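[1] output the structure for:
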Amino acid sequence: MEGMDRMEKKPIRITDTTIRDGHQSCLATRMRTEDMVPIAAELDQVGFHSIEMWGGATFDVTHRFLGEDPWERVRTLKKVMPKTPFQMLLRGQNLVAYRNHPDDVVEAFVEKSAEVGIDIFRVFDAVNDERNFETAFKAIQKAKRHIQGTICYSLTERKMGGPVFNLDYYLRKAKVLVEMGADSLCIKDMAGILAPYDAYTLIKALKKTVKIPIQLHTHYTSGMASMMYLKAIEAGVDIVDTALAPFALRSSQPAVEPLVVALEGTPWDPGLDLSKLLKLGEHLEAIAPKYRDFLDTTKMAVIDTNVLKHQIPGGMISNMVSQLKQMKALDRIEEVYAELPRTRKDMGYPPLVTPTSQIIGVQAVLNVIAGRYKMLSMETQDYVYGLYGRPPVEISEEIKKTVLKSYKKGKEPITCRPADLIGPEMEKAKEETKGIAKDLCDTLIYALYPKTGVDFLKWKYGIEPMPERVKPKTLEDIKREDEAIARAKAEAQKK
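    Residues are numbered from 1 along each chain as shown. The predicted structure follows:
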């Protein structure tokens, strides 16, 4: 770029996602705390803006599938990583679960999260309804922690524009989040569909519109992510999310190492030590065999080029395929692809992210199999009734009438904040966990996940034995498995 030597230096800040979204995206969130601790102190010394290490699916998977206390992970890592701010992903009123929770649960959860060591709360909502941020924002402010207001990036066209997700939409949302008290703004590109020149246009406009730092989060799914980051950096973005190479690319974030070298000597040079990053990557490569069963190796390509066309996140496709297989109707997948945009339009064009991606996907399958809206999921009815929030576009009266025709909660959608309809639950949760929960963190595990939470608390306190399925595999276990497989193959060849 001409005149780069005359440009003001503005080192890009980098958030590392390796121990949250990196392994969530590549390895089904299965990385254990014991494999994070050995690199924690060195990770803390790299000079990252923050370490995203909690939230998303980590709370669920940690207690349910790994037999670990999710709260203890934060405490443990904070002891060896006191320098770099800890960041988490919070699903607004959903917190780290899959439904809206009452305000008292949200307040208690944020309070305890700040207490155990979370410094930055990235708060998002599946339909970008700011009302689902209100309680979380107030609780984060009360805890004197950093609020990162988040806009889920979505499209209806190939590129940014059209009647819904145009530049004005994102600028309006950004202004609202600033007014609500956000300390920084995140554009969350969960499907990796933000094109490089759209990113340049968007970041340029946002920098003129809001005065708080702007962070960009993307996934490598489509293959555009690294190109997009470079254009966003040129446009003035303040912070980007990356992962260490072994847990990067695929449906994870761009790798940090090539970005560091690409920006070396430029005004945006982050100044990170490549040697340190490579050493951290070596540790991940060493422990990776423990998690190999969770890595998707069904395709040669490490990107999903189909997302450039249909914009459907990979997890949403796998859910639909599973549903069609159960119905013995996998041959109708192309019909479902054609139906998806129609169903999404009917539902007011929600961004395709958990849980709306599942709601739209399931209903599209039902529409193909049984006829349009002849069969309805309870989640579709809840959504149209307004229990997930206000969609980007008003749902038509015809669709409301059709979907809510036999809905027991009401025929007219609510207009209030969804959480206003949910009564307090913390006292009930405390009562129901008497004799098993030792503190408020235990109670919150139950409040968020009543069934699996109770199971975990019984394992934690030795009331019931921990099942073999949640016990960790060692590298020695993997070696023995490999040797057994090799022997079996040798025997088969002899025969």
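[2] and for the residue nearest to residue 114 when sequence neighbours are not counted, the neighbour number?
    Of all residues not flanking residue 114 in the chain, residue 143 sits nearest, at 3.7 Å (C-beta to C-beta, 6 or more residues apart in numbering). Heads up, the C-betas are built off the backbone N, CA and C, glycines and all. Other residues near residue 143 come to 19 when the count uses other C-beta atoms under 10 Å.
[3] what pLDDT does residue 143 get?
    pLDDT, the model's per-residue confidence, is 98 for residue 143.
[4] that one contacts residue 109, doesn't it?
    No - with contact defined as C-beta atoms under 8 Å, residue 143 and residue 109 do not form a contacting pair (10.8 Å).
[5] what does whichever strand or helix holds residue 23 contact?
    Per DSSP states H and E, residue 23 falls inside helix 23-27. The contact list for helix 23-27 (C-beta atoms under 8 Å, 6 or more residues apart in numbering) reads 29-31, 56-58, 61, 219, 247, 250-253, 291, 294-295.
[6] sorry, back to before: need the contact list for the residue nearest to residue 114.
    Applying C-beta under 8 Å, 6+ apart, the residues contacting residue 143 are 110, 111, 114, 115.
[7] check which residues of the helix or strand residue 309 falls within are buried.
    Using DSSP H and E, the element containing residue 309 is helix 307-310. Neighbour-count burial for helix 307-310 flags 307, 308 (criterion: 16 or more other C-beta atoms under 10 Å).
[8] and it, what does it pack onto?
    Of the remaining helices and strands, none touches helix 307-310 by 3 or more C-beta pairs under 8 Å, 6 or more residues apart in numbering; DSSP states H and E.
[9] any regions of this structure where pLDDT drops low?
    Using pLDDT under 70 as the threshold, the predicted model of the chain has low-confidence ranges 1-3, 314-315, 495.
[10] quick revisit: just after the helix holding residue 309, pick out the following helix or strand.
    Reading on from helix 307-310 to the C-terminus, the next helix or strand found by DSSP H and E is helix 314-326.
[11] and the next helix or strand past that next one?
    Scanning forward in sequence from helix 314-326 by DSSP H and E, the next helix or strand is helix 333-346.
[12] quick one: secondary structure of residue 242?
    Assigned by DSSP: H, G, I helix; E, B strand; the rest coil, the conformation of residue 242 is strand.
[13] contacting residues around it?
    14, 15, 16, 17, 248, 253, 254, 255, 256, 259.
[14] if it is in a bridge, with which residues?
    Beta bridges link residue 242 to residue 16 when assigned by DSSP bridges.
[15] tell me where the stretch 151-300 of the chain has strands.
    Secondary structure of the stretch 151-300 of the chain by DSSP state E, counting those that start in this stretch: the strands cover 184-189, 214-218, 239-242.
[16] now tabulate the ones you listed in a markdown table and tack on distance to residue 129.
    What follows is those, written out as a markdown table (distance: least, C-beta to C-beta, whole Å):
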| stretch | distance to residue 129 |
| --- | --- |
| strand 184-189 | 14 |
| strand 214-218 | 19 |
| strand 239-242 | 23 |
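[17] out of those, flag the one nearest residue 312.
    strand 184-189 (14.4 Å; C-beta to C-beta).
[18] related to what we said a few turns ago, show me which residues of the helix or strand that the helix holding residue 23 is followed by are buried.
    The element immediately downstream of helix 23-27 (helix or strand, assigned by DSSP H and E) is helix 33-44. The neighbour-count check on helix 33-44 (16+ other C-beta under 10 Å) flags 33, 35, 36, 39, 40, 43, 44 as buried.
[19] which members of these are the farthest-apart pair?
    Longest distance between any two of the buried residues of helix 33-44 is 16.0 Å, between 35 and 44; criterion C-beta to C-beta.
[20] and for residue 488, the neighbour number?
    Residue crowding around residue 488 was assessed by other C-beta under 10 Å; the count is 10.
[21] out of the contacts of residue 242, flag the one nearest to residue 370.
    When those are compared against residue 370 (criterion: C-beta to C-beta), the nearest one is residue 253, at 38.8 Å.
[22] ramachandran coordinates for the closest one?
    With angles defined as degrees, to the nearest 10, residue 253 sits at phi -90, psi 170.
[23] burial of it, as a residue count?
    Applying other C-beta under 10 Å, we find 31 other residues in the vicinity of residue 253.
[24] okay, now the closest residue to residue 8 other than its chain neighbours: neighbour count?
    Taking C-beta to C-beta, 6+ apart, and ignoring the residues beside it in sequence, residue 8 has residue 267 as its nearest neighbour in space, at 6.5 Å. A count of nearby residues for residue 267, using other C-beta under 10 Å, gives 17.
[25] kindly report the same for residue 288.
    By other C-beta under 10 Å, the burial measure for residue 288, its neighbour count, is 17.
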